[in-house]
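Kindly generate the corresponding structure for this input.
(one chain, ligands or ions: 1)
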Amino acid sequence: MITRFAPSLTGYLHLGHVLHMLYVWGMAQKLGAKVLCRIEDHDLSRARPEYESAIFETMDWLGFVPDLGIRAADEKPSEFRQSDCPEYYESVLQSLEKRGLVYGCECSRKQIAASQPKGTEELCYSGTCSEKGLPLEGNTVRFRTLEGETIFHDLKLGEQRQAPRNQCGDFSLRDRNGQWTYQFACVCDDIRHSVDLVIRGEDILFSTARQIQLFQTLEAPVPQYYHHPLIHDATGKKLSKRQRSVSITSMREAGLAASEVIGQSLLQAGFSDIA
Ligand SMILES: [Zn+2]
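The predicted structure is shown next:
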């Protein structure tokens with residue numbers, strides 16, 4: 001069994017990541033899985049390579065050592081770093097295109113938003129361009145979502161039912177500027193890295209069926225999923241990795257020991273009986 005830790009290069013690791021790593025390495029130990037590390041920098045407009053060395057330093061310092069994948073910031077190029085292998089995602093996309101399962105969409109976000117009922121939480125694309133035959137190049141590439149509900153069993157939360165077509169509609173695999181989306185790059189990587197246990201935060205539970213539909217369409221085995229609780233700040237918001245103030249790097253600079261940082265993450269996650 002293989003699970004993965006897949007940080008993105010959009011900020012420093014914070015206490016939320018420490019909690020996530022405790023779940024990843026902890027569940028791996030419990031279930032006899034190996035931990036694979038990959039760097040998620042599929043969106044070159046947002047990823048900043050300078051975060052990579054800070055992430056590996058923090059993992060080393062806390063003692064989270066991956067069994068597989070990328071282990072140091074100077075490993076280049078690597079199939080475990082998304083920005084190193086655009087041809088791979090391109091080849092998967094071409095296979096979907098040949099089967100008529102994707103299409104080009106020229107709608108802007110603003111146009112889609114204008115067609116939504118008031119108070120909609122997530123934009124749902126109605127498929128306006130699905131039969132226009134637009135080129136993929138220069139347009140948003142959308143995946144033809146499957147009809148009906150996708151049902152899966154979460155290892156922590158039990159049975160889940162989601163209908164991507166009603167939630168978000170045909171979702172995008174690549175934006176009009178050629179940037180791969182998280183859902184697509186992540187599923188492509190889980191397939192080629194043989195990941196069969198995916199441990200994620202509860203905040204993205206709502207979108208899991210999109211990934212499952214991609215696995216099914218690409219005729220790959222669907223991994224098992226485990227969604228864990230998150231750490232929130234005093235205002236109830238998810239911790240942000242753009243704030244250096246809450247980063248592990250700055251806690252370390254302030255003199256905290258690795259064990260104290262791990263303790264803090266558990267306390268903030270509500271494991272109050274260790275206080
Ligand atoms: Zn469109």
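
where in the stretch 151-275 of the chain is pLDDT low?
For the stretch 151-275 of the chain, applying pLDDT under 70 flags the ranges 240-245, 273-275.

Let me see the ranges of the strands in it.
With DSSP state E, counting those that start in this stretch as the criterion, the stretch 151-275 of the chain has strands at 158-162, 172-174, 197-201, 224-228.

how far away is L101 from P66?
33 Å (Cβ to Cβ, to the nearest Å). The C-beta positions use only the backbone N, C-alpha and C, and glycine is treated the same way.

sorry, back to before: turn the strands of the stretch 151-275 of the chain into a markdown table, columns for distance to the ion and mean neighbour count.
Putting the strands of the stretch 151-275 of the chain into a markdown table (distance: least, Cβ to the ion, whole Å; neighbours: other Cβ atoms under 10 Å) gives the following:
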| stretch | distance to the ion | mean neighbour count |
| --- | --- | --- |
| strand 158-162 | 23 | 12 |
| strand 172-174 | 10 | 23 |
| strand 197-201 | 29 | 21 |
| strand 224-228 | 30 | 19 |
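
and those as JSON lines, adding distance to K30?
Shown next, in JSON lines, are the strands of the stretch 151-275 of the chain (distance: least, Cβ to Cβ, whole Å):
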{"stretch": "strand 158-162", "distance to K30": "18"}
{"stretch": "strand 172-174", "distance to K30": "34"}
{"stretch": "strand 197-201", "distance to K30": "11"}
{"stretch": "strand 224-228", "distance to K30": "10"}
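
Out of these, flag the one nearest V92.
Of all these, strand 172-174 sits nearest to V92, with 8.9 Å by Cβ to Cβ.

what does the closest one rub up against?
With contact meaning Cβ atoms under 8 Å, 6 or more residues apart in numbering, strand 172-174 is reached by 89, 93, 96, 102, 105, 136, 140-143, 180-181, 183-184.

Which ones, among the residues you listed, also lie beside the ion?
C105 (Cβ under 5 Å from the ion).

Quick check: the farthest pair among the contacts of strand 172-174?
Y89 and C105 (18.0 Å).

out of these two, which sits in the busier spot?
Set Y89 next to C105 and count neighbours by other Cβ atoms under 10 Å: C105 wins out with 22 against 19.

Pull the contacting residues for that one.
125, 128-129, 134, 139-142, 170, 172.

Put the buried members of those residues into a ChimeraX selection.
Here is the ChimeraX command that selects the buried residues among the contacts of C105 (16 or more other Cβ atoms under 10 Å):
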select :125,129,134,139,140,141,142,170,172
